[in-house]
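> The amino acid sequence is not available; the structure is as follows:
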């Protein structure tokens, strides 16, 4: 149990009479590659919101690296080592790519509160942002305003901001959604190259991406865990095939 | 707007040069106007930190200015403090009150934030209105000005006090410019853009908002202390919400996010009010001088015209002008 970097226990969440998350538990050892799949409305994004703290759970607890963060707001969870990307691009649209990255860098370095020095004076900040942009293939877009970028490029930045946090646990909500095949391939390559010790959870509708990436998979259905197991186990499960995978699971 | 950020300093320098030029030739009355512009500019720049930078639209900011003014009056008149020490105390009191109010108001956003700040500002007004020690609704006269005798200057002279106020405004500008360009200022700008994502990146957004609210309150306290010194008179009107509203209009007129714009807006506001409310201006246009008493109507029409014609405010126009001059000079070379 102590080997798990993230432990979510018995999470419940209802919106009105609709039970969106119904007793879901999730354990992630360091270095795991975990897929989260399920039909639309199964509660995948809500589960991320519960783990991330954006939505308060009705019951259940979340431990990150042994720390109880059950009632903590999103920013404390982020500082404890949790990062996430969002299903819809959720960026600082009026700022440039570089400024977006500098924000994440400054927060990671815990210098966001510094009001007595010019940000431009922190040369390491810009250097790190530039280096990171190069790694993401955004170097030539560094000075461009995010609002003017194409969807796929914004998507890259969306994931890039989460990566910049250098988290222990990374939650990616449909990272390849809306991307072209080329962009998807680049994203998959990027995900494959993530640090080995990072615990990664990916919500994804592209089954090739999920089964190519994840070594364990959780299938959600109506807010409950339908099955959790290795990719092969999930693929073999008749129930999963019937309920969800369809042709893709054959 | 962002690409014009580099005109921030030139625009401010232009304003400072204009102020200095006016000061050089000014008569006594103009000196009073200059001092008023400088003090109002301090106030509107502090509001700009909240409104334009962080995206917190406060309609109660005058409450903290009034708190500063009343603190200066109390410290100098009741306890015999020198005005300079009273100024420091005013800032501290305004900051403390802003922090205390901030604990509650920053929990809200959007129209609810506007309403709760309006309520907070009106609480200040109600308190001062009933404070008999401060003359209740009549206010209180006699606050002394800062003692500059050590420099061989008499702050009672309008020119000297105007210069003092202008220097204070310049210092406040530089301080706030540093803050807005610091990592902390980056965070405030990001809060304006996308608060929830910034939280997901690990920023304790509420604490940052509280810090911004407190800092803005403290600077408003400076404006309040200087107001008490300038007019020698304090009254509950200083806390009234219409004054907060005026400052908000000036900030919007000045251009969102720009400190220099907020200062320019303050200058335009004071000068226009002075112009439109003088009977001789209207009779000079061979119009009935009674129109002067309706100056607010014309001011309102002007504001509407400016907002419609220049959505990026005075600063946007100013930056455009500097940019045009710059490119023309380069082209001529």
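Perfect, thanks for sending it. Because the structure is a prediction, the values reported are computed rather than measured.
> now for the host helix or strand of residue B:331, which elements pack on it?
Using DSSP states H and E, residue B:331 sits within helix B:313-332. For helix B:313-332, the elements it packs on are helix B:8-25, helix B:241-254, helix B:259-276, judged by 3 or more Cβ pairs under 8 Å, 6 or more residues apart in numbering or on different chains; DSSP states H and E. Using the backbone N, CA and C atoms, a C-beta is placed for each residue, glycine as well.
> nearest to chain A, of those helices?
helix B:8-25 (12.4 Å; Cβ to the nearest Cβ).
> pLDDT averaged over that closest one, what's the number?
For helix B:8-25, mean pLDDT rounds to 91.
> any residues touching it, and which ones?
B:30-31, B:34, B:37-38, B:159, B:162-163, B:166, B:170, B:173, B:177, B:258-261, B:263-264, B:267, B:315, B:318-319, B:322 (Cβ atoms under 8 Å, 6 or more residues apart in numbering or on different chains).
> re the thing from before, now do the helix holding residue B:331 against helix B:259-276, angle only.
Calculated by axes from the mean of the first three to the mean of the last three Cα atoms, to 10 degrees, helix B:313-332 forms an angle of 110 degrees with helix B:259-276.
> got the buried residues for helix B:313-332?
By neighbour count on 16 or more other Cβ atoms under 10 Å in any protein chain shown, the buried set for helix B:313-332 is B:313-319, B:322.
> Ok, stretch B:169-180 next?
Quick answer for stretch B:169-180 (16+ other Cβ under 10 Å): B:169-170, B:172-173, B:175-177, B:179-180.
> Just those residues: which are in strands?
Among these, no residue falls in strands (DSSP state E).
> among those residues, which are in helices?
Residues of the buried residues of stretch B:169-180 located in helices (DSSP state H): B:169-170, B:172-173, B:175-177, B:179-180.
> Let me see the mean pLDDT of the helix ranked longest in chain B.
Looking across chain B with DSSP H, the single longest helix is helix B:205-231. The predicted model assigns helix B:205-231 a mean pLDDT of 98.
> For that helix, buried residues please.
Here helix B:205-231 shows B:205-206, B:208-231 as buried, counting by 16+ other Cβ under 10 Å.
> Close to chain A: what parts of the stretch 201-333 of chain B are there?
Neighbours of chain A within the stretch 201-333 of chain B, by Cβ under 8 Å from any Cβ of the partner chain: B:201-205, B:208, B:211.
> quick one on the thing from earlier: and the angle from the helix holding residue B:331 to helix B:241-254?
20 degrees.
> count of residues packed around residue 92?
Unless you meant another one, I'm taking chain A. 26 (other Cβ atoms under 10 Å in any protein chain shown).
> that's the other chain; I wanted chain B
14.
> now swap in residue B:123 and tell me
Count around residue B:123 with other Cβ under 10 Å applied: 14.
> Skipping its backbone neighbours, what lies nearest it in space?
residue B:63 (7.2 Å; Cβ to Cβ, 6 or more residues apart in numbering or on different chains).
> Could you do residue A:102 as well?
Per Cβ to Cβ, 6+ apart, closest to residue A:102 is residue A:129, 4.9 Å.
> That neighbour contacts residue A:106, doesn't it?
No. Using Cβ atoms under 8 Å, residue A:129 is not in contact with residue A:106, being 9.4 Å away.
> thought residue B:313 was touching residue B:250?
No. Contact criterion Cβ under 8 Å: residue B:313 and residue B:250 do not qualify, at 9.9 Å.
> so where's the chain uncertain?
This is for chain A. For chain A, the stretches flagged by pLDDT under 70 are A:1-2, A:245-250.
> right idea, wrong chain: chain B
B:1-4, B:333.
> returning to that earlier point: how many neighbouring residues does the residue nearest to residue A:102 have?
25.
> element containing it, please.
Per DSSP H and E: helix A:123-136 holds residue A:129.
> Counting neighbours, which bits of that helix end up buried?
A:125-126, A:128-130, A:132-133, A:136.
> ok, then the element right after it?
Following helix A:123-136 in sequence, per DSSP H and E, is helix A:151-164.
> ok, back up a step: present the helices and strands packed on helix B:313-332 as CSV; the columns should include distance to residue B:70 and mean neighbour count.
Rendered in CSV, the data for the helices and strands packed on helix B:313-332 read as follows (distance: least, Cβ to Cβ, whole Å; neighbours: other Cβ atoms under 10 Å in any protein chain shown):
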stretch, distance to residue B:70, mean neighbour count
helix B:8-25, 28, 15
helix B:241-254, 14, 22
helix B:259-276, 22, 23
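> among these, which is nearest residue B:124?
Residue B:124 sits nearest to helix B:241-254 of all the helices and strands packed on helix B:313-332, at 9.8 Å, using Cβ to Cβ.
> Now tell me what touches the closest one from outside.
In contact with helix B:241-254 (Cβ under 8 Å, 6+ apart) are residues B:40, B:43-44, B:47-48, B:51-52, B:57-63, B:65, B:117-118, B:121-122, B:125, B:237, B:260-266, B:268-269, B:303, B:306-307, B:313-315.
> ok so, going back, contact partners for the residue nearest to residue A:102?
Taking Cβ under 8 Å, 6+ apart, one finds A:98, A:101-102, A:105, A:142 in contact with residue A:129.
> tell me the domain ranges of chain A?
A:1-81+A:168-250, A:88-166 (automatic domain parsing).
> rewinding a little: tell me the helices and strands packed up against the longest helix of chain B.
helix B:28-48, helix B:62-73, helix B:83-105, helix B:158-181, helix B:183-200.
> Now the stretch 51-200 of chain B against chain A: closest residue?
Closest point on the stretch 51-200 of chain B to chain A, by Cβ to the nearest Cβ, is residue B:184, at 3.8 Å.
> Thought residue A:117 was touching that residue, still the case?
No. Applying Cβ under 8 Å as the test, residue B:184 and residue A:117 come out as separate, 9.4 Å apart.
> neighbour-wise, which of the two wins?
residue B:184 (24 against 14).
> Now that one. Nearest residue, chain neighbours left out?
residue A:115 (3.8 Å).
> wait, the one you found sits on residue B:185?
Yes. If you go by Cβ under 8 Å, residue A:115 and residue B:185 touch, sitting 6.9 Å apart.
> Which residues are in contact with each of those two?
residue B:179.
> what about the two, which has more around it?
In this view residue A:115 and residue B:185 are compared by other Cβ under 10 Å, and residue B:185 has more residues nearby, 22 against 19.
> contacting residues for the more buried one?
Contacts of residue B:185 were listed using Cβ under 8 Å, 6+ apart, and they are A:115, A:119, B:53, B:179.
> for the first one, what are its contacts?
Taking Cβ under 8 Å, 6+ apart as the criterion, residue A:115 is in contact with B:178-179, B:182-185, B:211.
> One more: residue A:127?
Applying Cβ under 8 Å, 6+ apart, no residues qualify as near residue A:127.
> Report the separation between it and residue A:133.
Look at residue A:127 and residue A:133: by Cβ to Cβ, to the nearest Å, they are 11 Å apart.
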